[in-house]
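In: What would the 3D arrangement of this be:
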Amino acid sequence: MSPRYYFGTAILVAVLTLAISVWKKKQTAREIFWVMAKVILALSIIIAGVFGVAKLLAFFGVAQSGFFL
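Out: You can find the predicted model right below:
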């Protein structure tokens, strides 16, 4: 995978973490860390779900294998 995807994902996590932290009025480093952990967990679940649906569609023959890539 290209490094730009990692960089883009890191920026997305940072922006979401800062936006949620300001919105929820989190101030300490520990609180902001937990917000970041929840953002990373949520993004991981979303990505895993999309890949899971892609694999399931490929398994049932609805889509070709690797169509998501």
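In: the strands in this structure, which residues?
Out: With strands called from DSSP state E, the chain shows none.
In: Measure how buried residue 39 is and give me the count.
Out: A count of nearby residues for residue 39, using other Cβ atoms under 10 Å, gives 20. To be clear about C-beta, it is placed using only N, CA and C from the backbone, and glycine gets the same treatment.
In: again, but for residue 42
Out: The number of residues packed near residue 42 is 12, by other Cβ under 10 Å.
In: Same question for residue 18.
Out: By other Cβ under 10 Å, neighbour count at residue 18 equals 15.
In: pLDDT value on it, please?
Out: We have a pLDDT of 95 for residue 18.
In: And it, how far from residue 34?
Out: 14 Å (Cβ to Cβ, to the nearest Å).
In: ditto for residue 55
Out: Per Cβ to Cβ, residue 55 is found 31 Å from residue 34.
In: Could you do residue 47 as well?
Out: From residue 47 to residue 34 the distance is 20 Å (Cβ to Cβ).
In: These two: who's more crowded?
Out: Using other Cβ under 10 Å, the more surrounded residue of residue 47 and residue 34 is residue 34, with 14 against 11.
In: What separation is there between the more buried one and residue 14?
Out: Where residue 14 is concerned, residue 34 sits at a distance of 15 Å (Cβ to Cβ).
In: in this structure, which residue is closest to the centre?
Out: The central residue of the chain, meaning the one whose C-alpha is nearest the mean C-alpha position (Cα atoms, centre = their mean), is residue 43 at 2.2 Å.
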